[in-house]
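> any chance you can model this:
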Amino acid sequence: MRSVYTSGVLAGLTGQLFKPLGFTIVFCMMASFISAITIVPLCYSRFRPVERQHSPMGGVVRGLQSIYRKIVDKLLNKRALVMIISVLLLLASFGFASKLGFELMPSVDQGTISITAQMKPGIKVEEADKILKKLEGIVTSEEDLKSYMVSYGGQALSFSGGTNGTVTAYLKKDRKLTTDQVVNKWKKLMNQVPDCNVTVQSTSSVSDMSGGNKHDYEVILQSAQLDQLKQVSDQMVNELSARPEMIKVHSDLENAAPVIKVRVDPIQAAAEGVSPAAVGGMLNGMLSGVKAMTMDVNGQNVDVKVQYPDDTYNTLEKVEGVLVPNNLGGSVALTNIAKIGYEDSPTAINRKNKQYLVTITGSFTDAVKNKKEKAAAIKELDSKVTGKYLNDSVTRAKNSEDASMQEELGNLMKAILIATFLVFVVMAAQFESFKFSLMVMTTIPFSLIGSFGCLLAAGVAISMPSMLGFLMLIGTVVNSGILYVDTVNQYRASMDKRTALIEAGATRLRPILMTTLTTIVSMIPLALGIGSNTETMQGLALVNVGGLTASTILSMLMLPIYYSLMSGKIDKTQLPD
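Residues are numbered from 1 along each chain as shown. Take a look at the predicted model:
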């Protein structure tokens, strides 16, 4: 139920966040296009503005045009080198991408921390209160704390069957430490609290809905054989607990609640004149009590239960001494017709698609200090510990967050591929040439090195907002290429090919810089995280800023070489196909 619920929430969350944004972008672009072909020409004809020939920026642009002519003229003589550099840059972009992490939605530092203490089943309220007071003491000692709330019992039931105590802490806005730093600090202190399994995580409006992994290390195993799955999980827990970098290692199939089990032999019971059902009913009444009557107390019905004192059957020996009446008017010792003893009893058994599931979790010690070391430790544990226990009958399962992340990111990847194809179709219709359309499409790979580089430099993982940034980038990075190629095609009617390649870029350098810089500058505040709760869309801005910067520079330098290679030997007076 938990996996299905979480996956459904994440899928709904995706649509709620990005569908309105998509409509907004489409309508804004349509409005901009209509304005460009109607209002702008009207204003130009009405006010007749005159451009200053000696403005400061005009001198800068003319200087850049002169430098551009010299660079492109030299690059046209080294086309093989430019092609090799293009391939190396593309490979470098994928190298950057391999170092980036993946997450469904970026976490937002809202200063809220959720602490969950999973208690042993059957723990007394007094003992739970002592544990929560220890956690409360750690929380109240934090100078950045604004307020907190503690709860235990009631609806605070865990999915593993035990009762959870929760502490929700709210930090000050002008705090000295970030929320993640406080989380790491409290983890080290709270993992030392005995008799409970404590998880500490920062929460936000997004993470609250999507759930997520609250533990440093988590492994989900699945098998059709429960006994084999429990044996493997016990072995993994023991091995992980013995490692110096791991503490608080648990599985949801471990002996959290051992119970006394009575297995009645039906043949022996029948020989003694006793039925197994009668034995079960009698033991239930002796240990749990029997309802005797119902009383009316102040207009409310209250059940009256008769039961033995608490210490009558509180040991295994006392249960073994129970005498069971038989059909002959006598009695028989319970041990003569049943086997009695302690047996393992997990607090919960989870199944999915006819497979039993076990979740093994643990926390890292101070030896693992940052995200890089954490990623390396997880990789080592997966290969050296988890990997050797996997076989044909015991396999590793994915948690709901990973499955939802792959599904949603996969859907966005399909959207990106469809958008790329549609952009190609539009350009093919405009240029009436496959090769020129393909040439302009090379600006898209150029943008990847800038996008991945910015994400890596800022330490931002690939997420749904950044994937949406790639989707937006496809339609913007080709603009410079379209403008350049179209200008070259026009100039070749009156110039030789080499001159047209150089002059087209120099002539169109100003409008290309203006359109690119206005887009980049508008996204810089969001890329820098300026403003409240901008972390969610920071990846989108970084992708566009880095992608537009890299694609504009590289396309202006490399498109002339690509054009000279793909256009073939065409007379300077001949128009392209």
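
> from now on I want contacts and neighbour counts done on CA atoms only, so please keep to that.
Fine.

> what's the distance between the residue most central in space within the chain and Ala461?
When CA atoms, centre = their mean is applied to the chain, the residue found nearest the centroid is Glu103 (2.7 Å). Going from Glu103 to Ala461 by CA to CA, to the nearest Å gives 7 Å.

> same thing with Tyr68?
Distance from Tyr68 to Ala461, by CA to CA: 35 Å.

> next: Phe364.
22 Å.

> okay, and Thr359 sits in which element?
strand 355-364 (DSSP states H and E).

> so which bits of that strand are buried?
355-364 (16 or more other CA atoms under 10 Å).

> chain center to it: distance?
Its chain's C-alpha centre and that of strand 355-364 lie 18 Å apart, by CA atoms, centre = their mean, to the nearest Å.

> can you list the helices and strands that that strand packs against?
Where contact means 3 or more CA pairs under 8 Å, 6 or more residues apart in numbering; DSSP states H and E, strand 355-364 is packed against strand 217-223, helix 226-242, strand 246-251, strand 350-352.

> neighbours of Leu468, how many?
By other CA atoms under 10 Å, 24 other residues sit near Leu468.

> buried residues in whichever strand or helix holds it?
Under the criterion of DSSP H and E, Leu468 resides in helix 464-491. Neighbour counts over helix 464-491 (16+ other CA under 10 Å) mark 464-474, 476-485, 487-489, 491 as buried.

> do stretch 493-508 as well
So, applying 16+ other CA under 10 Å, buried residues of stretch 493-508: 493, 495, 497-506, 508.

> got TSV for those, with pLDDT and distance to Thr203 too?
Listed next are those as TSV, based on pLDDT from 0 to 100; distance: CA to CA, whole Å:
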residue	pLDDT	distance to Thr203
Ala493	87	63
Met495	89	63
Lys497	89	60
Arg498	91	59
Thr499	92	59
Ala500	92	57
Leu501	92	54
Ile502	92	55
Glu503	92	55
Ala504	91	53
Gly505	90	50
Ala506	92	51
Arg508	90	49
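
> among those, name the ones in helices.
497-506 (DSSP state H).

> from those, which single one is nearest Thr534?
Gly505 (36.4 Å; CA to CA).

> tell me the confidence at the residue lying closest to the closest one once chain neighbours are set aside?
Nearest non-adjacent residue to Gly505, counting by CA to CA, 6 or more residues apart in numbering: Tyr484, 6.1 Å away. pLDDT recorded at Tyr484 is 89.

> mind checking pLDDT for Gly273?
86.

> burial of Ser141, as a residue count?
Ser141 has 9 neighbouring residues, counting by other CA under 10 Å.

> and the helices in the stretch 101-250 of the chain?
Assigned by DSSP state H, counting those that start in this stretch, the helices in the stretch 101-250 of the chain fall at 125-140, 179-190, 205-210, 226-242.

> just want the angle from the first one to helix 179-190.
Angle, helix 125-140 to helix 179-190, by axes from the mean of the first three to the mean of the last three CA atoms, to 10 degrees: 140 degrees.

> ok so, going back, so which of the ones in helices among the buried residues of stretch 493-508 is the closest to Leu76?
The closest of these to Leu76 turns out to be Arg498 (CA to CA; 8.2 Å).

> enumerate every residue touching the closest one.
Contact partners of Arg498, counting by CA atoms under 8 Å, 6 or more residues apart in numbering, are Ser564.

> same check on the one 5 residues further on?
With contacts taken as CA under 8 Å, 6+ apart, Glu503 has the following neighbours: Arg69.

> got the buried residues for stretch 434-443?
Neighbour-count burial for stretch 434-443 flags 436-437, 439-443 (criterion: 16+ other CA under 10 Å).

> gap between that stretch and the chain center?
Centroid separation between stretch 434-443 and its chain, computed with CA atoms, centre = their mean, is 35 Å.

> now do that stretch, average pLDDT.
Averaging pLDDT along stretch 434-443 gives 84.

> CA atoms only for it, dumped as PDB, please.
Below are the C-alpha coordinates for stretch 434-443, written out as PDB (Å, rounded to 0.1, in the frame of the first residue of the first chain):
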ATOM      1  CA  PHE A 434      18.000  17.600 -44.800                       C
ATOM      2  CA  LYS A 435      21.600  18.400 -44.400                       C
ATOM      3  CA  PHE A 436      21.100  22.000 -43.300                       C
ATOM      4  CA  SER A 437      18.500  21.000 -40.800                       C
ATOM      5  CA  LEU A 438      20.900  18.300 -39.400                       C
ATOM      6  CA  MET A 439      23.600  20.900 -39.300                       C
ATOM      7  CA  VAL A 440      21.600  23.200 -37.100                       C
ATOM      8  CA  MET A 441      20.600  20.300 -34.800                       C
ATOM      9  CA  THR A 442      24.300  19.900 -33.900                       C
ATOM     10  CA  THR A 443      23.800  23.000 -31.600                       C
END
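
> the residue nearest to the centre of the chain and Gly539: what is the separation?
From Glu103 to Gly539 the distance is 11 Å (CA to CA).

> what do the two both touch?
With CA under 8 Å, 6+ apart as the test, Glu103 and Gly539 both reach 461-463.

> can I get those in a markdown table including neighbour count, distance to Gly329 and pLDDT?
Output for the shared contacts of Glu103 and Gly539, formatted as a markdown table (neighbours: other CA atoms under 10 Å; distance: CA to CA, whole Å; pLDDT from 0 to 100):
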| residue | neighbour count | distance to Gly329 | pLDDT |
| --- | --- | --- | --- |
| Ala461 | 20 | 76 | 84 |
| Ile462 | 23 | 76 | 84 |
| Ser463 | 22 | 74 | 83 |
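
> including distance to Ser114, could those go into TSV?
Converted to TSV, the shared contacts of Glu103 and Gly539 look like this (distance: CA to CA, whole Å):
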residue	distance to Ser114
Ala461	23
Ile462	25
Ser463	23
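
> can you tell me which of these is nearest Asn301?
Ser463 (56.2 Å).

> how far off centre is stretch 325-339?
59 Å.

> buried sites along that stretch?
325-326, 332, 334-335, 337-338.

> can you tell me what sits against that stretch?
Outside stretch 325-339, the residues that touch it by CA under 8 Å, 6+ apart are 262-266, 268-269, 272-274, 320-324.

> inside helices: which ones of those residues?
266, 268-269, 320.

> picking that back up, give me phi/psi at the residue nearest to the centre of the chain?
phi -150, psi 150 (degrees, to the nearest 10).

> and if you look at Asp252?
According to degrees, to the nearest 10, Asp252 has phi -80, psi 10.

> any idea how many residues pack against it?
21.

> how about Leu253?
Neighbours of Leu253 (other CA under 10 Å): 25.

> you'd agree it is up against Lys230?
Yes. Between Leu253 and Lys230 there is a contact under CA atoms under 8 Å: 6.4 Å.

> now the common contact residues for those two.
Listed as contacting both Leu253 and Lys230 by CA under 8 Å, 6+ apart are Val358.

> dump stretch 383-393 to PDB, restricted to CA.
The C-alpha coordinates for stretch 383-393 follow below in PDB (Å, rounded to 0.1, in the frame of the first residue of the first chain):
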ATOM      1  CA  SER A 383      29.300  -4.600  -4.400                       C
ATOM      2  CA  LYS A 384      31.000  -6.200  -1.400                       C
ATOM      3  CA  VAL A 385      28.000  -7.000   0.900                       C
ATOM      4  CA  THR A 386      24.700  -6.900  -0.900                       C
ATOM      5  CA  GLY A 387      25.900  -8.300  -4.200                       C
ATOM      6  CA  LYS A 388      27.200 -11.600  -2.900                       C
ATOM      7  CA  TYR A 389      23.800 -12.500  -1.300                       C
ATOM      8  CA  LEU A 390      21.900 -12.000  -4.600                       C
ATOM      9  CA  ASN A 391      21.000 -15.100  -6.600                       C
ATOM     10  CA  ASP A 392      18.200 -16.600  -8.700                       C
ATOM     11  CA  SER A 393      15.800 -16.900  -5.700                       C
END
